[in-house]
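# need a structure here:
(3 chains)
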Amino acid sequence: MTNSIAEIEDSRCIFVIGSNTTECHPLIARRIYRGKEKGAKLIVADPRKIQLGRFADIAVNHRLGSDVALLNGIMHVIVKNGWQAKEFIEKRTEGYEELERTVSEYTPQRVSAITGVDPGKIERIAELYALNRPASLLYAMGITQHSTGVDNVKSCCNLALLCGNLAVQGGGVNPLRGQNNVQGACDMGGLPNVFPGYQSVNDPGSNEKFSKAWGRKLSDRVGYTITEMVPAMEEGRLKALYVIGENPKLSDPDWKHLDAAIRRLDLLVVQELFLSETAQIADVVFPAASVAEREGTFTNSERRCMRFRKAVEPMGNALPDWEIIMKLSNAMGYPMSYESAKAVFNEMSALTPSYAGMSYERLGLDGLTWPCPEPSHPGTPYLYKERFLRVNGKAKFHGIAYLDPAELPDEEYPYFLTTGRMFAHYHTGTMTRVSPHLDAEQVGGYVEIHPADARDLNITEGDIVVLSSRRGRMEAPARLTHTVEPGVFFLPIHFGENPANVLTNPAFDPIAKIPEFKVSAVKAEKLREP
Amino acid sequence: MHDDVKNQVKEMLNQDVVDLFLAYRMMDGHPLPFAFSRENIEEVEDLVTGPARYPLEKLALEILKIHPEATLGILARECDQRALNVLSTWNQLEAGRVKTIRLSCCPSNLKEHSDCSYLEPHVSGSCKTELGFEFGAKTEDLEALAPERRFSRWMYEFEKCIKCYGCRNICPVCFCRECSLEHPDLIGTGPLPPEVPLFHLVRAVHMAGRCIDCGLCEDACPAEIPLRLLYGKVNEIVKEVFGYETGTSPGQSPFQVLGTEMMPEPL
Amino acid sequence: MNCRIVPSICSYCGTGCGVLFLVVDGRLMGTLPMKTHPVNEGKLCIKGWNLHEYVNSFIRLKSPLLKKDGRFRKCTWEEAIGFTADRLRSIVREHGPDSVGVLVSAKMSNEENYLAQKFARVVIGTNNVDHCARL
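Here you go, the predicted structure:
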């Protein structure tokens, strides 16, 4: 998030796109409620009728994967009416002409034909967003999990820049992070191209800095992303995989494909709390300690680094992840001898400029938001106050043309399928399905179907539906609901026995390598009694 | 006042009057609930009485589940004291298991506001005032509204619910082992919000003769639903019909007239 | 009799709510929202309120496991670490460091992510490090 969570309350307009916030980020939804109740305008754009839409000044259900068209249409209206932030654009951005050229082609009528959203509503969204500043834009996986994920994100940024809603309190482009430490995992260099603090592995200066600090010459070749690891396994280029706290068997697109690829590995090591779907096919399993059984820091969506503390001893022989990695490293001849998580933190912060001013003492119970470059720095609630992170300090507009999702419904597979979370469960369900109170809320998987489609398919509530796509086939009980539009099915991703990723399309964004979980094409029929 | 409380706590611990004393302690600038013990009596120097408010009596019940023979001390504001009264009325707390050091600071309708610094009045935004209920609204304010206006405002508030069960989880007098809110025949599972208005009305009914108007539920509600207002209305009816003031009237609750088999089992 | 209330951070979504764990005699008994936390200000969602439940789950892994003839058997840390180190060493020797991948996790701490990528880059010698930010 460019801006802090609390700032959402200060916005004059809150635009939520591709985020079912009340179910997936409930305590951020609270800030939206509060902002709205203080008088902010609320715009909700989501292919499903989500709870937040009930409170919106305007809520639209745009067709799956049509986000770029919708956002371009909004910008078209803003430019046509001269509502853009001219001074901001001039002083702090470049490439505006390119954007104007692109969006000029996206008239509300044309956009309406792509998105299914009434042209009048597109005009109304533009008016609310442009004329109530500062405006905060919030998004989640509904924007990113597309083969055009990067285009979608850039379009969100274009809109915010166009109205001068970046580098201002209460504004921002605010991706809501799905997992507690996604932000931290990225910050710490859990990516194939960067060291901690986003210092490139192939930048000679950075490479030398880390080679020196860690006492070994490091590779400057960018590694595989998770999406690229699958073909590498299939082709025998990747022989061993060490999986820590992840369950790719249930979280990756195209389960069958991945399963076959993983089985070709010579060695699969899984470090986990539970015997997850992935751990079951491992050669070695390391039992890890849970959040209550160890200490460390997490960095949340708003870049706030916070300490968690040990409350109880690890269960059985489980060990904190950092101790396991240390053991393995020592066994492989590279000695590591950290006394505590704090010692690791100190080494990390010395090498990571945005964390350099942090220490366990300073973090206390409130934490600090990065960048925090020095011990006297108070942390940074919102970014880019003085300049953007480009050489000339200016933000760049990108003219983005709309592209269809990689797969659209056709005669053979006539329905859209989208996937996501439900409020009581989390990701692949390894943690929530063993929690009695959460399990009670939703015991098993289901597929959301609009009653009109159910009628066509002769399906009633609770019937087992067979869904198939070009990748595979699975079954789930039907839940009839008006939450989805006719022609669209929704599957929650938490349930291994009804795995959505048997069906989803492994097409991915060419830059971010994020798979298109949000859009695929399926057919459906009622399961015939044997 | 702090020193006085600290001395009393030390005395209770040193003289074995209680095994643990539950109050608050500052940690990195945050007042957190804390269990003081004889073994670490020096920690009592860091005891604070506020401004935080947690359901200490609920923590006490959790400890007593494991150590039924223990005696616990609690720093008791008036709301804590009312909660303890209700818990013993409903057989959840054996007499003498909890000793209190009392503080007077009650902003509840049951007593005039005195000095609880925690409940600073919230300011209601324009939209909340227009569509829902203002913070601190009274039942009289509601009754001045036409029934359909009142209804639509309640519906607005209930539709915000994210089903966290925080109202129940934080409630010092919610102790049932099986909760109606999780009974699939009463409340459907599935999407959010939970069945409107059933979810909240079921809880409201169960608060009759139990709610002690401490305000912790409203405080824990991510959607800022005016729960005190709702339960306050329920208890007004209890008072009108039975002449019973929950948490302060001595003796049995009017909801125990159905016989002892209706009583929850003692812990 | 020992009772502690330990501040922590919820480990579900990326909001990062402040929680308090109630610990009695070394057992995790419950989760409360931290009232004065800057992120959640004393409120939690259903997952946060039940954070202690997965920690206490009886199906947690309690011992390292090694698979032999298609079946897991419990083993000591020395065996599990020794086996893994040997296998990794011989794979690196035979196929080079880029034949190994490490998936780090959005569930691990900053410290652990730092160490895991350091392990991949220094001990193995590869930049094949990723996590599921995309998933």
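
# and A:Val68, that one's in a helix?
Yes: remark: A:Val68 belongs to a helix, assigned using DSSP: H, G, I helix; E, B strand; the rest coil.

# Now for the residue nearest to it when sequence neighbours are not counted, how many residues are close by?
For A:Val68, ignoring the flanking residues on the chain, the nearest one in space by C-beta to C-beta, 6 or more residues apart in numbering or on different chains is A:Tyr402 at 4.5 Å. Any C-beta I mention is one placed from the backbone N, CA and C, and that applies to glycine too. Neighbours of A:Tyr402 under the rule other C-beta atoms under 10 Å in any protein chain shown: 23.

# Confirm for me that A:Tyr402 is in contact with A:Arg63.
No: counting by C-beta atoms under 8 Å, A:Tyr402 stays clear of A:Arg63, with 11.3 Å between them.

# Check the gap between the residue nearest to A:Val68 and B:Ala208 for me.
57 Å (C-beta to C-beta, to the nearest Å).

# B:Gly29 too?
40 Å.

# Break the chain into its domains for me.
You didn't say which chain, so I picked chain A. A:6-175, A:182-369, A:415-526 (automatic domain parsing).

# right idea, wrong chain: chain B
If you go by automatic domain parsing, chain B breaks into B:2-102, B:126-253.

# Please identify which of those is closest to A:Ile459.
domain B:126-253 (17.0 Å; C-beta to C-beta).

# Write out the residues of chain A neighbouring chain B.
Within chain A, the positions adjacent to chain B are A:22-23, A:26-27, A:29-30, A:33-34, A:36-39, A:51, A:54-55, A:364-366, A:422-424, A:437, A:440-442, A:479, A:481, A:483 by C-beta under 8 Å from any C-beta of the partner chain.

# do the same with chain C
Within chain C, the positions near chain B by C-beta under 8 Å from any C-beta are C:1-5, C:7, C:20, C:22, C:24-25, C:27, C:29-30, C:32-37, C:42-46, C:48-49.

# So which of those residues belong to strands?
C:3-5, C:7, C:20, C:22, C:24, C:27, C:29-30, C:32-33 (DSSP state E).

# Any idea how many residues pack against C:Tyr70?
In this structure residue C:70 is Gly, not Tyr. 5.

# Please tell me how far the residue nearest to A:Val68 sits from A:Cys305.
For A:Tyr402 relative to A:Cys305 (C-beta to C-beta), the value is 38 Å.

# Also A:Asp220?
Where A:Cys305 is concerned, A:Asp220 sits at a distance of 28 Å (C-beta to C-beta).

# and the two? which has more neighbours close in?
Ranked by neighbour count (other C-beta under 10 Å), A:Asp220 and A:Cys305 place A:Cys305 first, with 27 against 15.

# dump the residue contacts of the residue nearest the centre of chain C.
By C-alpha atoms, centre = their mean, the mean C-alpha position of chain C lies nearest to C:Met108, the distance being 4.9 Å. C:Met108 sits next to A:181, A:185, A:244-245, A:321, C:116 when contact means C-beta atoms under 8 Å, 6 or more residues apart in numbering or on different chains.

# Need the worst-confidence member of the residues you listed.
Lowest pLDDT among these: A:Gly245, with 87.

# give me every residue that touches that one.
Contacts for A:Gly245 (C-beta under 8 Å, 6+ apart) come out as A:271-273, A:288, A:321, C:104-108.

# can I see the domain layout of chain C?
Split by automatic domain parsing, chain C gives C:3-55, C:61-95, C:97-135.

# B:Ala223 touches A:Arg30, doesn't it?
Yes: using C-beta under 8 Å, B:Ala223 and A:Arg30 qualify as a contacting pair, with a distance of 6.9 Å.

# More neighbours: which of those two?
A:Arg30 (27 against 23).

# ok, and of the residues of chain A next to chain B, which contact chain C?
Counting by C-beta under 8 Å from any C-beta, A:26-27, A:30, A:365-366, A:423-424, A:437, A:441 from the residues of chain A next to chain B sit close to chain C.

# Pick out the most distant pair among the residues you listed.
A:Asp366 and A:Glu441 (31.6 Å).

# ok, back up a step: tell me which entries of the contacts of C:Met108 lie within helices.
Among these, DSSP state H puts A:185, A:321, C:116 in helices.

# Could you find the closest non-adjacent residue to the last one?
Spelled out, it's C:Ala116. C:Val104 (4.4 Å).

# In PDB, please show the C-alpha coordinates belonging to the host helix or strand of A:Glu23.
For A:Glu23, the host element (DSSP states H and E) is helix A:21-24. The C-alpha trace of helix A:21-24 is given here as PDB (Å, rounded to 0.1, in the frame of the first residue of the first chain):
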ATOM      1  CA  THR A  21     -12.800  -6.600   1.500                       C
ATOM      2  CA  THR A  22     -15.300  -7.600   4.200                       C
ATOM      3  CA  GLU A  23     -14.600 -11.300   3.700                       C
ATOM      4  CA  CYS A  24     -10.800 -11.200   3.000                       C
END
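
# How far does that helix sit from its chain's centre?
13 Å (C-alpha atoms, centre = their mean, to the nearest Å).

# Counting by contacts, list what that helix packs against.
The helices and strands touching helix A:21-24, judged by 3 or more C-beta pairs under 8 Å, 6 or more residues apart in numbering or on different chains; DSSP states H and E, are helix A:26-37.

# which residues are in contact with the helix it packs on?
A:5-6, A:8-11, A:14, A:16, A:21-22, A:42, A:52, A:55, A:136, A:138, A:176, A:301, A:423, B:124-128, B:132, B:160, B:162, B:164, B:222-224, C:15, C:17, C:39-40, C:43-46, C:48.

# Buried by neighbour count, from the residues you listed: which ones?
Among the contacts of helix A:26-37, those that count as buried by neighbour count (16 or more other C-beta atoms under 10 Å in any protein chain shown) are A:5, A:8-11, A:14, A:16, A:21-22, A:42, A:52, A:55, A:136, A:138, A:176, A:301, A:423, B:124-125, B:127-128, B:132, B:160, B:162, B:164, B:222-224, C:15, C:17, C:39-40, C:43-46, C:48.

# Over the longest helix seen in chain B, what's the mean pLDDT, rounded is fine.
Longest helix of chain B, by residue count under DSSP H: helix B:227-242. Taken as a whole, helix B:227-242 carries a mean pLDDT of 90.

# Any buried residues in it, and which?
Buried-residue list, helix B:227-242, by 16+ other C-beta under 10 Å: B:227-235, B:238, B:242.

# Also stretch B:29-43?
Residues of stretch B:29-43 classed as buried by neighbour count (16+ other C-beta under 10 Å): B:30-38.

# is that stretch anywhere near chain A?
Yes: judged by C-beta under 8 Å from any C-beta, stretch B:29-43 and chain A are in contact via B:29-30.

# about what we covered before: a strand runs through the residue nearest to A:Val68, doesn't it?
No: counting by three-state DSSP, A:Tyr402 is located in no strand; its state is coil.

# ok, back up a step: among the domains of chain A, which is the most enclosed?
domain A:6-175 (a mean of 22; mean count of other C-beta atoms under 10 Å in any protein chain shown).

# Now do it: distance from first to last residue.
One end of domain A:6-175 sits 14 Å from the other (C-alpha to C-alpha, to the nearest Å).

# ok, now stretch C:35-48?
Where stretch C:35-48 begins and where it ends lie 14 Å apart, using C-alpha to C-alpha.

# next one: stretch A:132-151
25 Å.

# need the residues of chain B near chain C, please.
Chain B has residues B:19-20, B:27, B:30-35, B:37, B:52-54, B:59, B:62-63, B:66-67, B:70, B:162-166, B:169-170, B:219-222 near chain C, with proximity defined as C-beta under 8 Å from any C-beta.

# Strands - which of these land there?
B:20, B:27, B:30-35, B:37.

# where in the stretch 151-267 of chain B is pLDDT low?
B:250, B:256-267 (pLDDT under 70).

# Show the backbone phi and psi for the nearest residue to A:Gly184 once chain neighbours are set aside.
Spatial nearest neighbour of A:Gly184, excluding adjacent residues (C-beta to C-beta, 6+ apart): A:Thr299 at 3.6 Å. Backbone torsions of A:Thr299, given as degrees, to the nearest 10, read phi -120, psi 120.
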